[in-house]
Structure formats: structure tokens, C-alpha cells
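**Student:** I'd like to go over a predicted model; first the sequence, then the structure.
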Amino acid sequence: MKIKYGAGLCESDIHIEGNMIKLISLSFLGGWVAGALGLGGGCIFNPLLLSMGARPTVASSSGMYMIMFSTGASTFCFIIAEMLDIYYALWVGGFCMLGTILGMGALDIVMSKMGRQSPLVFLLCFVFLISVIAVPIFGA
């Protein structure tokens, strides 16, 4: 729709025409690796979106949006199987929500002071590095 009407386009928009095969194949591979190794999808999809020219804030929020559905489906399965302590989940979820709000607020302040989105890229790289190190250690 953006291309058809020429409205709302920006240089960081991902153009599907030239990247369709890359997007589909890497999404399939990334989903398989994330599922097989127990990695978070953000470790796969954030670098993929960044390599395709998406802005760091767009890549991060898109990854969180995708992960929300898989996490919701997993939670629903655990609720149906009666393997989830709802009160404990609400307690942990509340602290996670508080940490997310505080972290995003602090990151927004840092990015506005620096006038760049590079702190978010460095943060994503740091989290990816930690998961690359931690997954084999905890897997062993």
C-alpha cells in the first residue's frame, strides 16, 4: 500500500520484492534454530532485520511483537496442562513488566541524549553475545 500510494515510505523500510527469498529462508532457518536450541527468537530475528536495513528500534520492537505470540501460545498450553502456577506467573510477570518499562525509559533517555540509536544496537549485540556463551554452558 505504501508503494502503491507513495505515502509513508522511509529509507529503512524493508522492500519485500528483492528480499523475499532471503526473508523466508532465514526466517525458517532462524525459527528452526531457535526452537531446536531453545534460543529466544530475538537472537535470530534482530540481527536478520538489522542486516536488511531496519532501524534498531524497529528491529527490537518487531522481535518483541513476534515473541509475544509464541510466548502467549506456550503460556496457554501450560495453563491447559495445569502445569502453571498462575500467582507465581503474575508475580514474575509484574516484575518483568516493571523492568521493561524502566529499561525502555532509560534507553530512550540515553538515545535522546546521544542523538543516535547505537546504544540499542550495542545492547542487542551484548544480549546476543551473552546468549551465545550461556546456551552451551547451561546445555552441557
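**Tutor:** That came through fine.
**Student:** pLDDT averaged over the biggest helix by length in the chain - what is it?
**Tutor:** For the chain, the helix that runs over the most residues, judged by DSSP state H, is helix 86-114. Mean per-residue pLDDT for helix 86-114: 90.
**Student:** Kindly calculate the angle that the next helix or strand after that helix makes with helix 86-114.
**Tutor:** Downstream of helix 86-114, the next assigned helix or strand under DSSP states H and E is helix 118-139. Counting by axes from the mean of the first three to the mean of the last three CA atoms, to 10 degrees, helix 118-139 lies at 140 degrees to helix 86-114.
**Student:** Pull out the buried positions in helix 118-139.
**Tutor:** With burial defined by 16 or more other CB atoms under 10 Å, the residues of helix 118-139 counted as buried are P119, L120, V121, L124, F128, S131. C-beta here means a position set from N, CA and C on the backbone, and glycine is covered the same way.
**Student:** from those, which is closest to S70?
**Tutor:** S70 lies nearest to S131 out of the buried residues of helix 118-139, by CB to CB, at 16.2 Å.
**Student:** Next one: the residue at minimal distance from the centre of the chain from S51, what distance?
**Tutor:** By CA atoms, centre = their mean, the chain has its centre lying nearest to G63, at 2.6 Å. Counting by CB to CB, to the nearest Å, the separation of G63 from S51 is 13 Å.
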